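In: model the following, please.
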Amino acid sequence: MLGINADTKAALESVEPKLTVALPQITEDFYTHMQRFSEAERVFSRMPSLGPLKTRQMSHWQSLLSGDLDETYAARALAIGEAHFNRGVAPYLYIAGYNFFQCELISLVAASYSESDRISAALTAITRVVSLDVDLSISVYTRAAWRHKTDEVVQL
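Out: Numbers count the residues shown, from 1 in each chain. The predicted structure is shown next:
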């Protein structure tokens, strides 16, 4: 449904090196940005250190931007969603995080490439893989709600 195909992978491959180089700064900016909001700060304050989290965040984005969206990637994305769900991260915070990264990546591509067809392909590819990642991660929340609703019905 998301239109992820060989063209998507090719477009990502053409911009991935430039995006990967920028990920450390984007990740730092992300945590600075999110810590401005009390809801996110409460989540981060429960962690002894953000260093390992930042490393995992960059690794995940590198994997996503590589376009290798196989079963291993899908399982990891679902596990990440599960971890956020278990830590009580509200979906709106999760989506805000995706928004931050996606906007930064879009800005980088737009500033880096002058050929409109290349920009369009790259931005479309980024949008498609980010949408997939959001879908997989947020589906954890949906499944938990469905399980809860099913449990209520069974108990009646």
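In: pull the contacting residues for the nearest residue in space to Val129 that is not next to it in sequence.
Out: Nearest non-adjacent residue to Val129, counting by CB to CB, 6 or more residues apart in numbering: Leu64, 5.4 Å away. Quick note: C-beta positions are derived from backbone N, CA and C, even for glycine. Residues in contact with Leu64 (CB atoms under 8 Å, 6 or more residues apart in numbering) are Tyr73, Val129, Val130, Asp133.
In: do I have it right that the second one meets Asn5?
Out: This points to Val129. No - in this structure Val129 lies outside contact range of Asn5 using CB atoms under 8 Å: 11.4 Å.
In: of those two, who's got more company?
Out: Neighbour count, other CB atoms under 10 Å: between Val129 and Asn5, Val129 has more, with 26 against 10.
In: mean confidence for the helix or strand hosting the more buried one?
Out: Counting by DSSP states H and E, the element that carries Val129 is helix 116-155. Regarding helix 116-155, the rounded mean pLDDT is 83.
In: tell me which strands and helices it is in contact with?
Out: helix 6-34, helix 51-66, helix 71-86, helix 91-112 (3 or more CB pairs under 8 Å, 6 or more residues apart in numbering; DSSP states H and E).
In: go through those and name the closest to Arg42.
Out: Nearest of these to Arg42, taken as CB to CB: helix 91-112 at 9.8 Å.
In: in that closest one, what's buried?
Out: Of all the residues in helix 91-112, those buried under the rule 16 or more other CB atoms under 10 Å are 91, 93-94, 96-97, 100-102, 104-106, 108-109.
In: now those residues in TSV, with distance to Ser116?
Out: Shown next, in TSV, are the buried residues of helix 91-112 (distance: CB to CB, whole Å):
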residue	distance to Ser116
Pro91	35
Leu93	34
Tyr94	32
Ala96	29
Gly97	29
Phe100	25
Phe101	23
Gln102	20
Glu104	21
Leu105	18
Ile106	14
Leu108	16
Val109	12
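In: which residue is nearest the middle of this protein?
Out: Tyr98 (4.9 Å; CA atoms, centre = their mean).
In: for the nearest residue to it once chain neighbours are set aside, give its distance to Ile80.
Out: Nearest-residue entry for Tyr98: Val134, 5.2 Å, with adjacent residues in sequence omitted and distances by CB to CB, 6+ apart. For Val134, the distance to Ile80 (CB to CB, to the nearest Å) stands at 11 Å.
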